[in-house]
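Trainee: I need the structure of the sequence given here:
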Amino acid sequence: MSWIFLAALGVLAALWLITALRTMDRRLVMRALRWIVGGLAALVAIGALVFRRIDIAMLVGAVAASVLLRGRLGQFSFDSVTGGGGNTSKVNSRFLAMQLDHDTGELSGRVVDGQFAGWDLLDLGPEETRALIEEVGGDAESVSLLESWLDTNRAGWREYFAEHDTGQGTASGATTGRDPVAEAYAVLGLKPGATDDQIKAAHRELMKGVHPDHGGSEFLAAKINEARDLLLGR
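Mentor: Numbers count the residues shown, from 1 in each chain. Here you go, the predicted model:
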């Protein structure tokens, strides 16, 4: 019957360990787990070297180095695991609900009231964003939250809207002397008279750095696209 006693003792020990881990700081647990896993992998690698199993030593050694030095095991990170969403901050206003992930720095937002209620801010294009800015203008807290989100996710949005508003209010630049064609050349970094091939090449080069799919600014990408379309459509 001794094996039954030992099994029961093992179950009780496992339950105690699980309970203790649940009450501990999750970051401390993951940090300890990182060193335990990395240390065991390093010991296995050393043992494989002793027995001249170079292939196993190299494989397990790489695992140990990744865990101990980078805190990662494949796609799993020992540094980014938190318990129950405790490492995020949520702020709500009349129009917006924001959430900040402190581990990644990602700021996400959703519209909760008004004509765009239910929309994720990432789904708003330039015109929808302009309309939302005007709609929340009477609520200072919503304005502050929206500007923070735009600064984080839409770099250059102020400049884009300022230039776009100026263009709309001057009848294609007739009142202020703005030349849309000259401005389009300036946006693409070209001199007047550039060929279609030069325009396309400049557009491709600029889009590499600002394309939204690569983490760039949707607003700057729109400005560059407008410049290309204007010059190619003349």
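Trainee: CA atoms for contacts and neighbours, from now on please.
Mentor: Will do.
Trainee: so which elements touch the lengthiest helix in the chain?
Mentor: In the chain, with assignment by DSSP state H, the single longest helix is helix 26-50. Applying 3 or more CA pairs under 8 Å, 6 or more residues apart in numbering; DSSP states H and E, we find helix 26-50 packed against helix 54-65.
Trainee: got the buried residues for the helix it packs on?
Mentor: For helix 54-65, burial by neighbour count (16 or more other CA atoms under 10 Å) applies to Ile56, Ala57, Val60, Gly61, Ala62, Val63, Ala64, Ala65.
Trainee: per-residue pLDDT, the closest residue in space to Val60 that isn't next to it in sequence?
Mentor: Leaving aside its chain neighbours, Val60 sits nearest to Ala45 (5.4 Å; criterion: CA to CA, 6 or more residues apart in numbering). pLDDT for Ala45: 83.
Trainee: tell me the contacts of Ala45?
Mentor: By CA atoms under 8 Å, 6 or more residues apart in numbering, the contact set of Ala45 is Ile56, Ala57, Met58, Leu59, Val60, Gly61.
Trainee: ok so, going back, and of the buried residues of helix 54-65, the nearest to Gly39?
Mentor: Within these, the smallest distance to Gly39 is 7.0 Å, found for Ala64 (CA to CA).
Trainee: mind checking pLDDT for that closest one?
Mentor: pLDDT for Ala64: 79.
Trainee: am I right that it is in contact with Gly39?
Mentor: Yes: in this structure, Ala64 is within contact of Gly39 by CA atoms under 8 Å, at 7.0 Å.
Trainee: can you tell me how far Gln115 sits from Leu69?
Mentor: Going from Gln115 to Leu69 by CA to CA, to the nearest Å gives 49 Å.
Trainee: now swap in Phe51 and tell me
Mentor: Distance, Phe51 to Leu69, by CA to CA: 25 Å.
Trainee: would you map out the domains in the protein?
Mentor: 2-77, 88-153, 158-232 (automatic domain parsing).
Trainee: mind checking what secondary structure Gln99 has?
Mentor: Counting by DSSP: H, G, I helix; E, B strand; the rest coil, the backbone at Gln99 sits in strand.
Trainee: what about Thr129, neighbour count?
Mentor: Look at Thr129: counted by other CA atoms under 10 Å, it has 19 neighbours.
Trainee: which residues of the chain fall in strands?
Mentor: In the chain, the strands defined using DSSP state E lie at 72-73, 76-77, 88-92, 96-101, 107-111.
Trainee: lowest average pLDDT across these?
Mentor: Mean pLDDT is lowest for strand 76-77 among those, at a mean of 64.
Trainee: give me the number of residues near Glu128?
Mentor: By other CA under 10 Å, 14 other residues sit near Glu128.
Trainee: so who does it touch?
Mentor: Listed by CA under 8 Å, 6+ apart, Glu128 has no contact partners.
Trainee: what do you get for the one 4 residues further on?
Mentor: Residues counted as contacts of Leu132 (CA under 8 Å, 6+ apart) are Phe116.
Trainee: state the distance from it to Asn92.
Mentor: Distance from Leu132 to Asn92, by CA to CA: 16 Å.
Trainee: can you check Arg154 too?
Mentor: Going from Arg154 to Asn92 by CA to CA gives 20 Å.
Trainee: more neighbours: which of those two?
Mentor: Taking other CA under 10 Å, Arg154 and Asn92 do not tie; Arg154 has more neighbours (19 against 16).
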